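Q: Need a 3D model of the sequence below.
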Amino acid sequence: SVLQELNLMCNRIALADDEFADALAQNRTLQVLNLYNNTVGVEGAKRLASALKVNQALKELFLEGNQIGDEGAEALADALMVNSTLHVLILRGNKIRDAGARSLATSFLFNGALRVVLLGDNLIGNEGAQHLANALECNNVIDQLMLDNNRMSAIIE
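A: Sure thing, here's the model as predicted:
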């Protein structure tokens with residue numbers, strides 16, 4: 001029996017060094033990683049992104065409530081350009097703004113694996129939402145993109 005799901009929610013995990021990310025990069029069995037409501041932040045998101053560039057097993061990543069901001073979202077977007085196994089990405093409540101949404105939208109043009117992306121409870125405005133909407137026109141794999149409770153104020157075309 002091998003570990004396929006790791007739930008570390010609500011533990012104040014910051015990923016302050018490379019040990020966890022290095023282990024994740026090399027892991028070939030873990031399919032679900034739940035880091036909900038920790039203290040991953042920008043630097044931890046960058047470390048996770050580095051691991052996602054080489055990890056070929058992880059299918060679901062829960063990063064809700066980790067304050068990764070635009071810079072963390074940009075690092076994850078960069079990883080999504082090459083990752084082909086992640087199907088679910090939960091980034092709710094991370095202070096992601098339009099710049100982070102734009103980076104994620106760009107990655108959606110190249111990623112053919114993601115199916116579910118939850119971006120609710122962030123700070124994404126009309127511009128970021130428009131970038132995401134435009135990317136979905138070219139991505140026929142993502143079937144759920146949630147943007148609830150952000151800062152959009154106009155109808156997106």
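Q: going forward, measure contacts and count neighbours with C-alpha atoms only.
A: Fine.
Q: how near is M146 to A129?
A: 10 Å (C-alpha to C-alpha, to the nearest Å).
Q: For these two, indicate the residue with more neighbours.
A: A129 (24 against 15; other C-alpha atoms under 10 Å).
Q: That one touches A101, doesn't it?
A: Yes: A129 is within contact range of A101, at 7.2 Å (criterion: C-alpha atoms under 8 Å).
Q: what about this protein, any weak spots by pLDDT?
A: Where the chain drops to pLDDT under 70, the residues are 154-157.
Q: Which residue lies nearest the spatial centre of it?
A: Nearest residue to the geometric centre of the chain (C-alpha atoms, centre = their mean): L89, 4.6 Å.
Q: ranges for the helices of the protein?
A: For the chain, the helices defined by DSSP state H occupy 19-26, 41-52, 69-80, 98-108, 126-136.
Q: to the chain's geometric centre, what's the distance from the last one?
A: Between the mean C-alpha point of helix 126-136 and the mean C-alpha point of its chain there is a distance of 16 Å (C-alpha atoms, centre = their mean, to the nearest Å).
Q: likewise the first one?
A: Between the mean C-alpha location of helix 19-26 and the chain-wide mean there is a distance of 17 Å, by C-alpha atoms, centre = their mean.
Q: Repeat that for stretch 136-147.
A: Taking mean C-alpha positions (C-alpha atoms, centre = their mean), stretch 136-147 and its chain are 14 Å apart.
Q: so how far does that stretch reach from one end to the other?
A: One end of stretch 136-147 to the other measures 13 Å (C-alpha to C-alpha).
Q: With stretch 98-116 instead?
A: Terminal residues of stretch 98-116 are spaced 19 Å apart (C-alpha to C-alpha).
Q: and it, how far from the chain's centre?
A: Centre-to-centre, stretch 98-116 and its host chain are 9 Å apart (C-alpha atoms, centre = their mean).
Q: picking up where we left off before, with distance to L8 added, can I get the helices of the chain in CSV?
A: As requested, these are arranged in CSV below (distance: least, C-alpha to C-alpha, whole Å):
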stretch, distance to L8
helix 19-26, 12
helix 41-52, 14
helix 69-80, 19
helix 98-108, 25
helix 126-136, 29
